[in-house]
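**Q** I need the structure of the sequence given here:
(one chain, ligands or ions: 1)
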Amino acid sequence: MRIVIKLGTSTLAHSTGLLNIKRVEHLCKVVSDLKNAGHEIVMVSSGAIGMGLGKLGYVDRPDDIPTKQAAAAIGQCELMYVYDKLFSEYNHTVAQILMTGAYVTIEDYGKNLNNTLYRLLELGVIPIINENDTVTTDEIVIGDNDTLGAIIAKTVKADLLVLLSDIDGLYTGDPNTNPDAKRIDVVEEVTEEIESLAKGKGTVLGTGGMITKLNAAKMMMDCGIEMVIANGKNPDILYDIIEGGGICTRFVRR
Ligand code: GLU
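**A** Numbers count the residues shown, from 1 in each chain. Got it, this is the predicted structure:
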């Protein structure tokens, strides 16, 4: 299977913004094992801004763009350093790709990206993609990595997009405040009713939330790619998801 795995900041970092070493080590081990089993993996990794802010000692996300862009420049280095180091332990090679919306709107950029991604997969490499937050402006911003994950899944014609976050899936209410909220196992269509379940933003250090995940789901369903929202706190869940199970919400292929 060709699988795109999107990792949210909440999966990669503690609430301090600093790296969740235990989890990221576990994640790289599972992804390496899946690769060894013959799957092709592309990762879309958030965490640059969150980790940069953590390194700089910020507790809250600042509003000003230059600080966020500086944090992204700092955190992206750390992210790739960690991935390179951990995947090397299992003999896997990673490649960094930093994207902007220009790759979606400008045909030649898109073609180059395509060629690079396919070549990396042929070479057996794990591409690790993030938005190039240091240079993005309003005109070229993609804005969140759920959308970026969907764009990449479409580009590589993936079989499956997995969005790993800090929630087990889509709920009928907010599970943190409503004990009756139930997780929805399978979604066959993103109806208005389903959309009305997605409210609010993601975590303090991240960007996404359920709205961006449902938008990604719509994109995936339109192009016949299955998508899963699951909790990244135990990366072993990836084994179950690939086999069609696991505690998650699955947006089935139409
Ligand atoms: N590109 C952002 C980062 O690396 C994350 C965006 C998102 O999580 O949606 O911090």
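**Q** quick one: stretch 227-243 to chain centroid distance?
**A** Distance of stretch 227-243 from its chain centroid, counting by Cα atoms, centre = their mean, to the nearest Å, is 12 Å.
**Q** So that it lines up with my notes, have the first residue be 147 from now on.
**A** Okay, using 147 as the starting number, the last item reads as stretch 373-389.
**Q** From start to finish, how long is that stretch in a straight line?
**A** Chord length of stretch 373-389, first to last residue, is 13 Å (Cα to Cα, to the nearest Å).
**Q** Show the average pLDDT along it.
**A** Across stretch 373-389, the average pLDDT comes to 97.
**Q** On the three-state scheme, residue 315 is what?
**A** For residue 315, the assignment made with DSSP: H, G, I helix; E, B strand; the rest coil gives coil.
**Q** ok, it to residue 177 distance?
**A** 21 Å (Cβ to Cβ, to the nearest Å). (Each C-beta comes from the backbone N, C-alpha and C, glycine too.)
**Q** which residues in the stretch 147-296 of the chain form strands?
**A** Secondary structure of the stretch 147-296 of the chain (DSSP state E, counting those that start in this stretch): strands located at 148-153, 186-191, 240-245, 272-277.
**Q** JSON lines please, covering those and showing distance to the ligand, mean pLDDT and mean neighbour count.
**A** Shown next, in JSON lines, are these (distance: least, Cβ to the nearest ligand atom, whole Å; pLDDT from 0 to 100; neighbours: other Cβ atoms under 10 Å):
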{"stretch": "strand 148-153", "distance to the ligand": "8", "mean pLDDT": "98", "mean neighbour count": "26"}
{"stretch": "strand 186-191", "distance to the ligand": "7", "mean pLDDT": "98", "mean neighbour count": "24"}
{"stretch": "strand 240-245", "distance to the ligand": "9", "mean pLDDT": "97", "mean neighbour count": "18"}
{"stretch": "strand 272-277", "distance to the ligand": "4", "mean pLDDT": "97", "mean neighbour count": "24"}
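**Q** Please tell me how far residue 183 sits from the ligand.
**A** Per Cβ to the nearest ligand atom, to the nearest Å, residue 183 is found 28 Å from the ligand.
**Q** Number of residues surrounding that residue?
**A** 10 (other Cβ atoms under 10 Å).
**Q** hmm, back to that, which one, of the strands of the stretch 147-296 of the chain, ends up nearest to residue 220?
**A** Residue 220 lies closest, by Cβ to Cβ, to one member of the strands of the stretch 147-296 of the chain: strand 272-277, at 13.2 Å.
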